[in-house]
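Novice: Here you go, sequence then predicted model.
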Amino acid sequence: MKALLLAPFALLLCVAIASATDRPNIVLFITDDQSPIAGCYGSPLIQTPHLDQLAAEGTRFTHAYATTASCSASRSVILTGLQNHANGQYGHVHDYHKFETFPSCAGLSLPNQLGAIGYRTAHIGKLHVAPESVYAFDRYLVTNARRPKFHDTNTPAWVENCKEFLSEESDQPFFLNFWTYDPHRSGTVDETAPEDLKPNRFGNPPAGESYPGTEEVRYDPADVVVPSFLPDTIECRREIAQYYQSCTRTDEALGRLVEALKEAGKYDNTMIIFTADHGMAFPGAKTTVYEAGLRVPFIVRMPGVEGGAVNDARLSHADITPSLLDAAGGYDAAKQAPKKLLGLSKVGRGENRGPRFERYHGRSWLGLLGRDQAEDWDEVFASHTFHEIQMYYPMRALIGRRYKLIWNLASPLPYPFASDLWESSTWQAQYRKGGDASFGLRTVDSYLHRPPFELYDLEADPAETKNLAGDPTHADRLAAMEKRLKEQQERTEDPWMLKWSYE
């Protein structure tokens, strides 16, 4: 992407924000595995009234992208503004997966930078990145989990544990990182389903039950909308219904958090960003670089900026840290970097600190807020390496306004599955039928075996099923996009650049 040049409108907007809010409080609300399926994104069924209201008061972005559809890797990009192939968080942080962000990223990371310029910082919920020297919050608020490793999915109840932090009287603004576990798949299934393959509960309570203080909204599988990349089967419909329920409970958490901000007298001066780490946890979405895996909801409510705008800029998760630092007054747009790069005194000697980072890969979208048009926001670069440690399958993607190029660096290998997606009733119901069975507009076999390059016309083929890479009429376009993909890899110091020359 080209370096951001602030237009006069954007400069005036930044001045207006600074004077109207005197540095806003910031809430970064991140859900886990959520696609842009909501009332404000055109869904006819799912109930998301609080997100819809946030969109009415803010700017809704229609083409926001994660850079990788994997939890830890994506979260590292959100909080460092650096592609995960560069920051070292190649895959999951937990258990034997063992990936961590390079300690050298501490100088750029969002919580460290905001803390250094006077923000009080707190995190609640799922973090899923390490080490703490890079992601250092002042406070780690607790959920209501009964056991240390238990994922508390009664997310609306968490808000009570945030109220003391939100209501503190202080001359310092605050940054709250509110990161849910929902609508991620859970380790439980709905045993009441009559089919042999039971649907995952996506963090929902057992059928007919509700979490304390939270009223569940349930959906009829017959009514849900099955996206084109998924098979229209009863197994899939039951899982989508569970997914909808989990999303709606998460929406209730957003509503309660907004109400808590209002009760504390902080809402008028609080910037709220709502997005997800990546798309929904279904085969064809999560762990892929297809649209269903990378596209996320993205809504920003900024005090002093008129709401209701719908913007088609191609945003990347790498843009979040520079944008929020910009809102806080700590970003140098000309350098695409913090105004002050932090020292690394906390990093021990003798360990692999990683490269020295002095600027972000992303840039600030602050000047787009309240606007319906976006100039020079036409391209997104995506980078995936691992999900689980067993899932080595690096992919790079270049996404333009119409055409998209995917490079599958390990295409001779069968596409590896995340364990929860492999076990899902949605996948198993089709997989057991054989390689020729349909899976959305693909077959099971074509999903598992992919060519080195995939080129799609997103306007004519939004489901990404007609590969144009071998079409002679698109040869020039393919070559041009390959060249641009290499440029993005060079710009972001991608170690996998070597694959162009020796494989």
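Specialist: That came in fine, so what should we check first? Numbering: from 1, shown residues only.
Novice: can you give me the helices for this structure?
Specialist: Remark: helices assigned in the chain by DSSP state H are 8-21, 49-57, 71-80, 84-87, 110-116, 163-167, 234-263, 291-294, 320-327, 419-423, 425-431, 444-448, 475-491, 499-502.
Novice: between those, which gets nearest to residue 408?
Specialist: Nearest of the helices of the chain to residue 408, taken as CB to CB: helix 499-502 at 10.8 Å. In short, each C-beta sits where N, CA and C put it, glycine included.
Novice: still on that earlier bit, name the stretch among the helices of the chain that sits most buried.
Specialist: Compared across the helices of the chain, helix 71-80 shows the largest average neighbour count, a mean of 29 (mean count of other CB atoms under 10 Å).
Novice: who does it touch, helix- and strand-wise?
Specialist: Counting contacts by 3 or more CB pairs under 8 Å, 6 or more residues apart in numbering; DSSP states H and E, helix 71-80 packs against strand 25-31, helix 84-87, helix 110-116, helix 320-327.
Novice: is residue 26 in a bridge, and if so with what?
Specialist: residue 175, residue 271 (DSSP bridges).
Novice: got a list of what the closest residue in space to residue 288 that isn't next to it in sequence touches?
Specialist: In space, residue 288 comes closest to residue 69 once its chain neighbours are excluded; the distance is 5.9 Å by CB to CB, 6 or more residues apart in numbering. If you count contacts by CB atoms under 8 Å, 6 or more residues apart in numbering, residue 69 has them with 278-279, 285-289, 293-294, 384.
Novice: again, only using 10 Å
Specialist: By CB atoms under 10 Å, 6 or more residues apart in numbering, the residues touching residue 69 are 33, 277-281, 285-290, 292-296, 382, 384, 387, 395, 418.
Novice: Could you do residue 493 as well?
Specialist: 82-83, 85-86, 355, 357, 361 are the contacts of residue 493 under CB under 10 Å, 6+ apart.
Novice: Now distance to residue 182 and pLDDT too, for those residues, in CSV please.
Specialist: Output for the contacts of residue 493, formatted as CSV (distance: CB to CB, whole Å; pLDDT from 0 to 100):
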residue, distance to residue 182, pLDDT
82, 27, 98
83, 27, 97
85, 28, 96
86, 30, 96
355, 35, 87
357, 32, 92
361, 29, 98
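Novice: for the residues you listed, which one is nearest residue 227?
Specialist: Residue 227 lies nearest to residue 83 out of the contacts of residue 493, by CB to CB, at 27.1 Å.
Novice: How about the contacts made by the closest one?
Specialist: Taking CB under 10 Å, 6+ apart as the test, what residue 83 contacts is 67-68, 73, 76-77, 89, 316-318, 361-362, 381-383, 396, 488-489, 491-494.
Novice: Residue 109 contacts residue 75, correct?
Specialist: No: assessed by CB atoms under 10 Å, residue 109 is found out of contact with residue 75, at 11.4 Å.
Novice: quick one: common contacting residues for these two?
Specialist: The overlap between the contact sets of residue 109 and residue 75 (CB under 10 Å, 6+ apart) consists of 101, 129, 135.
Novice: Any chance of a markdown table for the residues you listed, columns neighbour count and distance to residue 196?
Specialist: Listed next are these as a markdown table, based on neighbours: other CB atoms under 10 Å; distance: CB to CB, whole Å:
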| residue | neighbour count | distance to residue 196 |
| --- | --- | --- |
| 101 | 29 | 42 |
| 129 | 27 | 38 |
| 135 | 24 | 43 |
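Novice: Check the closest residue to residue 306 other than its chain neighbours and give its pLDDT.
Specialist: Excluding its sequence neighbours, the residue lying closest to residue 306 (CB to CB, 6+ apart) is residue 370, at 5.1 Å. pLDDT recorded at residue 370 is 97.
Novice: Residue 370: neighbour count?
Specialist: Using other CB atoms under 10 Å, residue 370 has 19 neighbouring residues.
Novice: Now do the phi/psi pair for it.
Specialist: phi 80, psi 0 (degrees, to the nearest 10).
Novice: hang on, isn't it packed against residue 304?
Specialist: Yes: look at residue 370 against residue 304 with CB under 10 Å: they come within range, at 9.1 Å.
Novice: ok, residue 422 - contacts?
Specialist: Residue 422 sits next to 283, 416, 428, 431 when contact means CB under 10 Å, 6+ apart.
Novice: Which pLDDT value belongs to it?
Specialist: 97.
Novice: Same question for residue 91.
Specialist: So residue 91 comes in at 87 (pLDDT).
Novice: ok, the residue lying closest to residue 92 once chain neighbours are set aside to residue 94 distance?
Specialist: Spatially, and ignoring its direct neighbours in sequence, residue 92 is nearest to residue 72 (4.7 Å; CB to CB, 6+ apart). For residue 72, the distance to residue 94 (CB to CB, to the nearest Å) stands at 8 Å.
Novice: And residue 417, how close does it get to residue 282?
Specialist: Going from residue 417 to residue 282 by CB to CB gives 12 Å.
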